[in-house]
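K.L.:
My questions concern the predicted model and sequence given below.
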Amino acid sequence: MNTRRPLVLITHWLTAVAFAALVVSGSAILLAHPRLYWGEAGASGMPSLVDLPLPMVLTGQTGWGRSLHFLAAWIIVLSGVSYVATGLPRGDFRWTGYNALQRRTYWIVVFVLAPLAVWTGLAMSPAVESVMPPIVTLLGGHQSARTLHFVAASLITIFVAGHIVMVALSGFVVRMRGMITGSLDVPPGQRVDSTQSGAAR
């Protein structure tokens with residue numbers, strides 16, 4: 001039987017709920033202006049870097065989306081920091097149950113894409129820029145931050161979708177029960193590392 005620490009369970013579920021909120025609110029924000037730019041400024045009528053194949057249907061209606069996005073993002077940041085701070089000393093990020101490609105993918109998501117998403121998200125905030133201007137200038141401007149944020153968020157979303165598929169293929173009911181009860185019953189003769197329980201992100 002495999003067991004998981006309560007903190008792993010709590011941070012996993014907090015992250016799952018907050019991530020769903022990020023996807024919903026982020027989609028609403030994007031539908032208000034589905035164009036990406038590079039540099040400091042970007043608006044309708046200006047040349048764009050990328051025109052996303054999405055309808056512009058929520059113009060002027062994203063106040064709730066931005067508030068929810070901000071709240072959900074901070075929940076994930078606090079949850080992630082707690083998970084990493086307690087997991088590193090315990091060696092939780094060795095991910096010995098995965099192959100080399102899977103391990104690299106987890107490392108990139110946790111230690112590259114997630115921090116990039118946080119950085120670029122903060123860089124889009126005028127309040128944050130007023131206190132720490134370099135957080136924006138290092139990225140090349142507000143619109144550059146928005147474009148990089150979209151790329152990082154899209155890659156993380158693809159990763160999460162793949163994670164859910166892998167959990168489903170490896171026994172969805174068993175894995176979900178394990179993430180609720182904190183224990184995973186392993187069939188005789190089968191070795192399952194704790195990171196394969198769906199607790200790792």
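P.N.:
Here it is on my side, so go on.

K.L.:
how close does the closest residue to residue 123 other than its chain neighbours get to residue 79?
P.N.:
Computed as CB to CB, 6 or more residues apart in numbering, the closest residue to residue 123 that is not its neighbour in sequence is residue 145, at 3.7 Å. (C-beta placed from N, C-alpha, C; glycine too.) Per CB to CB, to the nearest Å, residue 145 is found 23 Å from residue 79.

K.L.:
Also residue 132?
P.N.:
Distance of residue 132 to residue 79, given as CB to CB: 23 Å.

K.L.:
Likewise for residue 122?
P.N.:
Computed with CB to CB, the distance linking residue 122 and residue 79 is 17 Å.

K.L.:
the more surrounded of those two?
P.N.:
Neighbours of residue 122 and residue 79, each counted by other CB atoms under 10 Å, are more numerous for residue 79; the result is 22 against 18.

K.L.:
need the contact list for that one.
P.N.:
With contacts taken as CB atoms under 8 Å, 6 or more residues apart in numbering, residue 79 has the following neighbours: 10-11, 14-15, 18.

K.L.:
Do a quick rundown of the strands in the chain.
P.N.:
Here the chain has its strands, by DSSP state E, at 2-3, 35-36, 50-51, 183-184.

K.L.:
What's the mean pLDDT across the first one?
P.N.:
If you average the pLDDT over strand 2-3, you get 50.

K.L.:
Stretch 108-116 too?
P.N.:
Taken as a whole, stretch 108-116 carries a mean pLDDT of 95.

K.L.:
Relative to the whole chain's centre, how far out is that stretch?
P.N.:
Once both centres are worked out by CA atoms, centre = their mean, to the nearest Å, stretch 108-116 turns out to sit 8 Å from its chain's centre.

K.L.:
Can you list the buried residues in it?
P.N.:
Of the residues in stretch 108-116, those scored as buried under the neighbour-count criterion (16 or more other CB atoms under 10 Å) are 109-110, 113-114, 116.

K.L.:
Check the residues you listed and tell me the two furthest apart.
P.N.:
Across the buried residues of stretch 108-116, the two members that end up farthest from each other (CB to CB) are 110 and 116, 11.4 Å apart.

K.L.:
Nearest to residue 88 among the buried residues of stretch 108-116?
P.N.:
Nearest to residue 88 among the buried residues of stretch 108-116: residue 110, at 10.6 Å, using CB to CB.
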